[in-house]
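K.L.:
Task: produce atomic coordinates for the following.
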Amino acid sequence: MAYVAGIDIGSVTAKAAIMEDDKVVSYHIAPSGANFRNAGQQVMEAALEKAGLTLSQIKGIVTTGYGAANVPYECRQVTEVSAQSRGVHHLFPSVRTVVDIGGQASKAIRVDERGRSTDFAVTEKCAAGSGRFLSVIAHVLQVPLLDIGALSLQGTKPVKFNTGCAVFSESEAISRVAEGARKEDILAGVHAAIAVKMASMLDRIRLQPDCAITGGGANDIGLVKALEEKIALKLMVPEEPLITAALRAALIARDAVVEAEKDASLSDKDRMDAMRRMREERMKERTRLINEALEREKKLRGAKY
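P.N.:
The predicted model follows:
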């Protein structure tokens, strides 16, 4: 089987995953920075180096994410919602709801038995409920971002936050520190606030178990626990929750390579029929993606601070 790759360029981190059949051969994660093109190239080259491969050995590449259009390779592009839902489904076929805590936006996605998204909600304004919210608070408290999860579990009196806005929460956190609140209690309060926000989004799409969590927030044990308590449901966490979208992108590339190999062995008539079916499928997929984008835009316009 050929090697394929998926690249996910998020607003905060870029990821690349290389696969052979259903096996992840290598992956790499790095900050996206200000140049998405360079970030895409960097993570791809690093993943290739880890796998001991060259770019010429990669038979297909699919991209997704905020900066997918900037990737410097000839490749197909898929939406973030589609990539997340199908990537999680590949890992956890029983999952019917996905919570993705991204750097600038978070999503709640309903998934069917085939891993297709059937409904979703997105929060982007003020970075409410996102990794940006956590980063701001960690900076104020001078606590490494990777340590806030465990530290928050030591909180005994979670501080209530009156805003979900990352900008205003910085001022609020500073005020709480000045009032003598413990770091542990402030962090516990932040996680509780995000959990309330995400639970509301899950209600909107009608949460259905099993439920998985992805994105950088999935590495925050305090946030995972706070959300589990809020929705009264155990969350499924991927071994590496940052690469699920890149994983699905690679799987799409794999399927395309398989179809191309099948076409090569067909007669002229069969090949024409296969091409017709492929065009029809692509038109259906394009229509679905357009409708998904329109629905997302509609929901973003209706989002509240």
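
K.L.:
which residues in the stretch 1-150 of the chain form strands?
P.N.:
Counting by DSSP state E, counting those that start in this stretch, residue ranges of the strands within the stretch 1-150 of the chain are 3-9, 13-20, 23-31, 58-64, 76-77, 97-101, 106-111, 117-123.

K.L.:
per the record, what domains does the protein have?
P.N.:
Listed by automatic domain parsing, the domain ranges of the chain are 3-80+243-265, 93-236, 267-305.

K.L.:
where are the low-confidence patches of the protein?
P.N.:
Confidence mapping of the chain against pLDDT under 70 gives the ranges 1, 124-129, 163-167, 262-272, 274-275, 289, 293, 296-297, 299-305.

K.L.:
which element is the residue lying closest to Ala199 once chain neighbours are set aside on?
P.N.:
Spatial nearest neighbour of Ala199, chain neighbours left out: Lys230 (4.6 Å); criterion: Cβ to Cβ, 6 or more residues apart in numbering. Backbone N, C-alpha and C define where each C-beta goes, glycine included. Element membership of Lys230 [criterion: DSSP states H and E] is helix 221-231.

K.L.:
Tell me what angle that helix forms with strand 97-101.
P.N.:
Counting by axes from the mean of the first three to the mean of the last three Cα atoms, to 10 degrees, helix 221-231 lies at 140 degrees to strand 97-101.

K.L.:
Can you mark which positions in helix 221-231 are buried?
P.N.:
Neighbour-count burial for helix 221-231 flags Ile221, Gly222, Leu223, Val224, Lys225, Ala226, Leu227, Lys230, Ile231 (criterion: 16 or more other Cβ atoms under 10 Å).

K.L.:
How about the fifth one: what's its closest non-neighbour residue?
P.N.:
So that's Lys225. Lys225 sits nearest to Leu153 (Cβ to Cβ, 6+ apart), 6.7 Å away.

K.L.:
Contact partners for that neighbour?
P.N.:
Neighbour list for Leu153: Ala188, Ile221, Gly222, Lys225 [criterion: Cβ atoms under 8 Å, 6 or more residues apart in numbering].

K.L.:
Quick check, Ala173 in contact with His139.
P.N.:
No - here Ala173 does not reach His139: they are 9.2 Å apart, not a contact under Cβ atoms under 8 Å.

K.L.:
Glu295 should be in a helix, yeah?
P.N.:
Yes - Glu295 sits within a helix when classified using DSSP: H, G, I helix; E, B strand; the rest coil.

K.L.:
Report how many residues lie close to it.
P.N.:
The burial count assigned to Glu295 is 14, neighbours taken as other Cβ atoms under 10 Å.

K.L.:
Relative to Ala83, how far out is it?
P.N.:
Look at Glu295 and Ala83: by Cβ to Cβ, to the nearest Å, they are 16 Å apart.

K.L.:
farthest-separated two in the contacts of Leu153?
P.N.:
Farthest-apart pair in those is Ala188 and Ile221; separation 12.1 Å (Cβ to Cβ).
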